[in-house]
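Chemist: Got a sequence here, can you build the structure:
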Amino acid sequence: MCDGIALEGIRLIIDALPRAFRDGADLDARGRMLVAAAMGAVAFQKDLGVVHSLAHPLSTLCGLHHGTANALCLVAGMKFCAARRPGLYRRVGLACGLDVLRCSDVEADAQTIAFLARFLADLGLAGRLRDFGANPDLLDALAAQAWDDPCHRTNAVPVTLDDLRNLYREVL
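Modeler: Numbering: from 1, shown residues only. Model (predicted):
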């Protein structure tokens, strides 16, 4: 049930977030975002994964807003998971409105990740963590806190401390 709720939340976000971002007075878009946020809260009962494990220390040690930290780590986290479990993001791509039903698992993931990278860039979330104030000198402390964070333990693929450090290196 969590997956279905999450996928519908994604569909709502793809439609509503750009509209709400462009026009804060668009009550329909803001209302849909409220529903999508509630759906996300239900869906994460299944747990959150590696991206959230990366984001939590960025908020604690670097003062990044939690949503910004997640957005900046999302593409790297998705690439990491897709490389180890091809086809993982096909249903996400379908929820985004992409035609990924008949392509290979690798292509479905690549199209979905590229779409989300553009989607985030259009919202001003395409930079590196250091562009948002994260300090590369904190790499080891960030990785250690991310490792202690329980979210990655239920990630779609196993994650090591070195994986977390390498993901931070990639997004810094």
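Chemist: In terms of helix, strand or coil, where does V100 fall?
Modeler: coil (DSSP: H, G, I helix; E, B strand; the rest coil).
Chemist: tally of neighbours for D140?
Modeler: Counted with other C-beta atoms under 10 Å, residues neighbouring D140 total 11. Every residue, glycine included, has its C-beta placed from N, CA and C.
Chemist: Contacts only, for it.
Modeler: Neighbour list for D140: R165 [criterion: C-beta atoms under 8 Å, 6 or more residues apart in numbering].
Chemist: quick one: the longest helix along the chain to chain centroid distance?
Modeler: Identified as the longest helix of the chain according to DSSP state H is helix 2-22. Offset of helix 2-22 from its chain centre (C-alpha atoms, centre = their mean, to the nearest Å): 13 Å.
Chemist: list the helices and strands that helix packs on?
Modeler: helix 27-43, helix 90-95, helix 105-122 (3 or more C-beta pairs under 8 Å, 6 or more residues apart in numbering; DSSP states H and E).
Chemist: And this protein, split by domain according to the record?
Modeler: Domain assignment for the chain, taken from automatic domain parsing, gives 1-46, 48-171.
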